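Engineer: from the sequence below, what's the structure:
(one chain, ligands or ions: 1)
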Amino acid sequence: MTGISDSFQRPINYLRISVTDRCNLRCVYCMPENGVDLMAHADILSYEEIYVVVKAAAEMGINKVRLTGGEPLVRAGVPDLISMLAGIDTIDDISLTTNGILLAEYAVALKEAGLHRVNVSLDSLKPDKFREITRCGTLEDTLRGIDAAVAAGLTPVKINMVVMAGINDDELTDFAAKTVNDGWHVRFIEHMPVNGDEPDVPRLFSVREMRERIESLGKLEPWKVDVGNGPAKYFRLPGATGTIGFITPVTEHFCYQCNRLRLTADGMLRPCLLSEEEIDLKEPLRSGASVMELKNLIEKAVASKPKGHRLAEGKKRNGRPFSQVGG
Ligand code: SAM
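Structural biologist: Coordinates of the predicted model:
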């Protein structure tokens, strides 16, 4: 296997794949209430097309893939895609990001297909608040999904909470206590002002403030985790079997260690989540491009990865919502 690096000497070995732009929730920070214009079915890559892209990328050094969306589990047959990807020798980590609503239904099939682990997005442990944030979800479904994922061995199950000032920051210690009482692995993520209905309402609750809140439960000890490709910094509370991770996309961006590319549901390769540049793979795929031609396009995407984003300077991101590009 050969490796590939971008123009800033960052090794690129991770591909996030959005399998659908559709979602069964309408989280306030991610999507407008009435949803977004949906892609036409014909524009969405088939599983065979995704497989061809991953196979070519794997030959260039990509060895980790994550399925995301939209909500990946609303697309039929996701376990089939996973078993196709699991058949590529050099892919050694397959993960999935989900809101957990359908996870109880699919956990065993996903595990059997070759999925290694899941991240579950969960922003409130209060049923009413959960409904308010997701606009239409039921907390109980996601909690059942988490239990089913643990029972199926899709571990480590990581819980991702987007912390929003004035919305759910009062639940930081409840989530942190779950790492002690239930062995949860929780990652707290700074809210990025990029999507949703309220772009001008400041929702940033910084990781520095989060740590102060959580340390009311005990001193956070730095902790090394073995599994994952992410930018989180990990800690443990005294007596906890679970971990606490902090992700700082805004106050301390981690672009310098970015190792990823993104494939949108409609077949565009994105060098960076927060830049609008995209390289079309769908058209070449559908007009019979050779593997070598696909690899050249992947190489072009890697070469054009920007050095970093500028959210902290208040730079706004315009363009396609996260649900379309695989946030
Ligand atoms: N539907 C899946 C889910 O809920 O996990 C996958 C797609 S969702 C777009 C992926 C992740 O992006 C979720 O963890 C979500 O919380 C995060 N996300 C979306 N908008 C965000 C924002 N404005 N700031 C921080 N994280 C965001």
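
Engineer: hmm, stretch 239-259 touching the ligand?
Structural biologist: No: using Cβ under 6 Å from any ligand atom, stretch 239-259 stays clear of the ligand, with a minimum separation of 6.7 Å. C-beta: built from backbone N, CA, C; applies to glycine.

Engineer: for that stretch, buried residues please.
Structural biologist: 240, 242-250, 253, 255, 258-259 (16 or more other Cβ atoms under 10 Å).

Engineer: can you give me the pLDDT of residue 133?
Structural biologist: On the pLDDT scale, residue 133 is placed at 96.

Engineer: what about it, neighbour count?
Structural biologist: 22 (other Cβ atoms under 10 Å).

Engineer: that one and the ligand, how far apart?
Structural biologist: In this view, residue 133 and the ligand are 10 Å apart by Cβ to the nearest ligand atom, to the nearest Å.

Engineer: you'd agree that residue is in a strand?
Structural biologist: No: applying DSSP: H, G, I helix; E, B strand; the rest coil, one finds residue 133 to be helix, outside a strand.

Engineer: distance-wise, check the spatially closest residue to it that is not a sequence neighbour relative to residue 104.
Structural biologist: Closest residue to residue 133 apart from its sequence neighbours, by Cβ to Cβ, 6 or more residues apart in numbering: residue 123 at 5.0 Å. Between residue 123 and residue 104 the distance is 19 Å, computed by Cβ to Cβ, to the nearest Å.

Engineer: between those two, point out the one with more neighbours.
Structural biologist: Legend: neighbour count by other Cβ under 10 Å for residue 123 and residue 104, higher for residue 123 (27 against 20).

Engineer: is it true that the more buried one touches residue 130?
Structural biologist: Yes: between residue 123 and residue 130 a contact is recorded at 7.2 Å, counting by Cβ atoms under 8 Å.

Engineer: which parts of the stretch 101-250 of the chain sit against the ligand?
Structural biologist: So the stretch 101-250 of the chain meets the ligand at 121, 160, 162, 189, 191-192, 194-195 (Cβ under 6 Å from any ligand atom).

Engineer: over to stretch 158-173 now: how far is its first residue from its last?
Structural biologist: One end of stretch 158-173 sits 17 Å from the other (Cα to Cα, to the nearest Å).

Engineer: how far off centre is that stretch?
Structural biologist: Taking Cα atoms, centre = their mean, to the nearest Å, one finds stretch 158-173 lying 17 Å from the centre of the chain it belongs to.

Engineer: ok, residues contacting it?
Structural biologist: 28-29, 97, 117-126, 129, 133, 146, 175, 178, 184-191, 202-205, 209-210, 213-214, 216-217, 228, 245 (Cβ atoms under 8 Å, 6 or more residues apart in numbering).

Engineer: buried subset of those residues?
Structural biologist: 28-29, 97, 117-125, 129, 133, 146, 175, 178, 184-191, 203-205, 209-210, 213-214, 217, 228, 245.

Engineer: lowest-pLDDT helix or strand in this structure?
Structural biologist: Ranking every helix and strand in the chain by mean pLDDT, DSSP states H and E puts helix 322-325 at the bottom, with a mean of 74.

Engineer: contact partners of that one?
Structural biologist: Taking Cβ under 8 Å, 6+ apart as the rule, helix 322-325 contacts 18, 21-23, 30-31, 36, 39, 69-70, 194-195, 262, 264-266, 268, 270, 273.

Engineer: quick one: it to chain centroid distance?
Structural biologist: 10 Å.

Engineer: show me the shaky parts of the protein.
Structural biologist: Of all residues in the chain, those with pLDDT under 70 make up the ranges 1-2, 195-200, 227-229, 310-319, 326-327.

Engineer: and residue 258, what does it touch?
Structural biologist: Contacts here follow Cβ under 8 Å, 6+ apart; on that basis residue 258 touches 10, 231, 272, 305.

Engineer: so which of those wins on neighbours?
Structural biologist: That'd be residue 305 among these, by other Cβ under 10 Å, with 23 neighbours.

Engineer: in JSON lines, list the residues of the stretch 101-250 of the chain next to the ligand along with secondary structure.
Structural biologist: Formatted as JSON lines, these follow (three-state DSSP):
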{"residue": "121", "secondary structure": "strand"}
{"residue": "160", "secondary structure": "strand"}
{"residue": "162", "secondary structure": "strand"}
{"residue": "189", "secondary structure": "strand"}
{"residue": "191", "secondary structure": "coil"}
{"residue": "192", "secondary structure": "coil"}
{"residue": "194", "secondary structure": "coil"}
{"residue": "195", "secondary structure": "coil"}
